[in-house]
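J.: here's my sequence, what's the structure:
(one chain, ligands or ions: 1)
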Amino acid sequence: MKLEKVRNIGISAHIDSGKTTLSERILFYAGRIHKIEDVRGGGDGATMDHMELEKERGITITSAATSLEWKGYKVNLIDTPGHVDFTVEVERSLRVLDGAVLVLCSVGGVQSQSITVDRQMKRYQVPRVAFINKMDRTGANPFRVVEQLRDKLGAEAFLMQYPIGAEDKFEGVVDLIEMKSYRFSGDEGQNVDVGEVPADLLEKCQAQRIHMLEQLSMYNDEMMELLLSEEEVPLEMIYKVTRDAVLGGATPVYMGSAFKNKGVQPLLDAVNRYLPSPLDREIRGVDPKDETKKIELKPDPDAPFVGMAFKIVDDEFGQLTFMRIYQGTIEKAGTYVNQRTGRKERFSQIVRMHSDKREKVDSACAGDIVAVTGIDSASGDTYGIERDQCTLESMFVPDPVIKIA
Ligand code: GDP
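T.: Take a look at the predicted model:
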């Protein structure tokens, strides 16, 4: 698959805002789990107690990385640990992302933990979109959450959608770019009905659309001129400018209810459309022999391999090392050099994780995230093709630069 169509993303959230539920839905809509009951623990009876259920979900959902496909894009969903401490673990997981979805609760809004998560994302310049979840709850107020994103986080946040119905009558959203309504039906929200904007919302949606365009036009002069002269802004331009805005640090805001199966598909469309691909990020490592020397890494499959082990997991099959490949290609049974120890190690198997299934692959290349077996690494280790080639861990002094096209 072409690198422009790869998304390495994390879902980052305040605890309890619905990250797990949203991840389940994403896997469900991408066809990775076939019934939401599969993870809930069976539709026919509440035989699973809370702990078992959590364990089951844990296995299915919180794999360090899981791959799925959405409308021709490959999305690697990377688990970003929920704990707030400024730990190396969190840092590493943020390090391997190209983009993120920030999940907020429609009632709780921005809370202290969101502020910490936000600070970490900023440190690593992780472009993101926000998702206001739990729109079905009493007291849900997406407008207030957007205000909080602006006031408390200093985010350039603006709504891309307008809610249809409120609280337990929440039905769906109006897409403010195309001015169409999206309503979700079916037990699992699998039916998406696209239609006209409801007449009673038309004026509000138009006003909100202008606000959105004004925010976006900060990132594009041509668009600002069109707005000033009250001319129609072409849809293609809005899409392009939104993408540039995201890469430039803006936070477009989506909404829905993961639990009620509403709003997840448009969020996935936004991930495809706006979050960066591995090609949009510049990654630099350092020369192990001279820490002041930077090495620019290109997501080029033919360049010498450089990758980083970001998470080590033990399971019944042994140790799995999750790795982001920044440059080059790795082959099954190939030997590569651990830059920390200087030792050559054999990558016995390369596997791609799909929810709870593993797919063995023969090779994997730059931009990808896979798990490798047979190696004895520590989290944070860099691998390459020869000794003293490149180290990535010290790039934790954030150096990734986002290019704006
Ligand atoms: P996490 O801690 O962020 O992973 O949150 P969970 O996904 O475990 O959700 C926390 C609680 O919120 C659970 O009881 C969910 O059922 C509930 N929840 C998740 N999404 C929604 C939603 O859209 N609406 C409502 N009302 N509850 C939700």
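J.: give me the nearest residue to Lys344, chain neighbours excluded.
T.: What sits nearest to Lys344 in space, not counting adjacent residues and going by CB to CB, 6 or more residues apart in numbering, is Thr335, at 4.8 Å. (C-beta placed from N, C-alpha, C; glycine too.)
J.: who touches that neighbour in this structure?
T.: Applying CB atoms under 8 Å, 6 or more residues apart in numbering, we find Thr335 in contact with Lys344, Glu345, Arg346, Phe347.
J.: ok, the closest residue to the third one other than its chain neighbours to the ligand distance?
T.: Spatial nearest neighbour of Arg346, excluding adjacent residues (CB to CB, 6+ apart): Thr335 at 5.0 Å. Thr335 sits 39 Å away from the ligand when distances are taken as CB to the nearest ligand atom, to the nearest Å.
J.: for Asp388, same thing?
T.: 42 Å.
J.: for the residue nearest to that residue when sequence neighbours are not counted, what are its contacts?
T.: Of all residues not flanking Asp388 in the chain, Pro288 sits nearest, at 4.7 Å (CB to CB, 6+ apart). Applying CB under 8 Å, 6+ apart to Pro288 gives the contacts Gln339, Asp388, Gln389, Cys390, Thr391.
J.: can you pull the phi/psi pair for Pro288?
T.: Note on Pro288: its backbone torsions stand at phi -60, psi -20 [degrees, to the nearest 10].
J.: let me know the pLDDT of it.
T.: With respect to pLDDT, Pro288 has a value of 89.
J.: which stretches of the chain have low pLDDT?
T.: 32-63, 81-87, 317, 356, 393-405 (pLDDT under 70).
J.: can you name every helix or strand that the longest helix belonging to it contacts?
T.: Using DSSP state H, we find that the single longest helix of the chain is helix 202-217. Judged by 3 or more CB pairs under 8 Å, 6 or more residues apart in numbering; DSSP states H and E, helix 202-217 is in contact with strand 157-159, strand 161-164, helix 221-228, helix 235-247.
J.: most tightly surrounded among the ones you listed?
T.: strand 161-164 (a mean of 24; mean count of other CB atoms under 10 Å).
J.: any idea which helix or strand comes after it?
T.: Following strand 161-164 in sequence order, the next helix or strand is strand 172-175 (DSSP states H and E).
J.: name the helices or strands packed onto that following strand?
T.: strand 161-164, strand 180-185.
J.: swap in 10 Å and give it another go.
T.: Secondary-structure packing of strand 172-175 (3 or more CB pairs under 10 Å, 6 or more residues apart in numbering; DSSP states H and E): strand 161-164, strand 180-185, strand 191-195, helix 202-217, strand 251-255, helix 264-274.
J.: circling back to that earlier point, which other residues reach the longest helix of the chain?
T.: By CB atoms under 10 Å, 6 or more residues apart in numbering, the surrounding residues in contact with helix 202-217 are 143, 156-164, 174-177, 179, 181, 196-198, 201, 223-228, 230, 233, 237-238, 240-242, 244-245, 250-253.
J.: recalculate using a threshold of 7 Å.
T.: The contact list for helix 202-217 (CB atoms under 7 Å, 6 or more residues apart in numbering) reads 156, 158-160, 162, 174, 176, 179, 197, 223-224, 227, 233, 238, 241-242, 245.
J.: ok, the residue in the stretch 101-250 of the chain that the ligand sits nearest to - contacts?
T.: Relative to the ligand, the nearest point of the stretch 101-250 of the chain is Lys134 (3.8 Å; CB to the nearest ligand atom). Counting by CB under 7 Å, 6+ apart, Lys134 makes contact with Gly18, Cys105, Ser106, Val107, Ala140, Ser257.
J.: just confirm the last one contacts Met135, I think it does.
T.: So the one you mean is Ser257. Yes: using CB atoms under 7 Å, Ser257 makes contact with Met135 at a distance of 4.8 Å.
J.: secondary structure element holding Phe259?
T.: Using DSSP H and E, Phe259 falls within no helix or strand.
J.: skipping its backbone neighbours, what lies nearest it in space?
T.: Thr21 (5.5 Å).
J.: thought the one you found was touching Ala258?
T.: Yes: Thr21 lies in contact with Ala258 (CB under 7 Å); the separation is 4.2 Å.
J.: looking at these two, which one has more neighbours?
T.: Ala258 (26 against 23; other CB atoms under 10 Å).
J.: list phi and psi for the residue of the chain positioned farthest from its centre.
T.: Centroid-distance maximum for the chain: Ser229 at 36.5 Å, with CA atoms, centre = their mean. Main-chain torsions, Ser229, degrees, to the nearest 10: phi -90, psi 10.
J.: could I get the contacting residues of it?
T.: Contacts for Ser229 (CB under 7 Å, 6+ apart) come out as none.
J.: cool, and the one 3 residues further on?
T.: By CB under 7 Å, 6+ apart, no residues touch Glu232.
J.: again, but for Asn191
T.: Applying CB under 7 Å, 6+ apart to Asn191 gives the contacts Phe184, Ser185.
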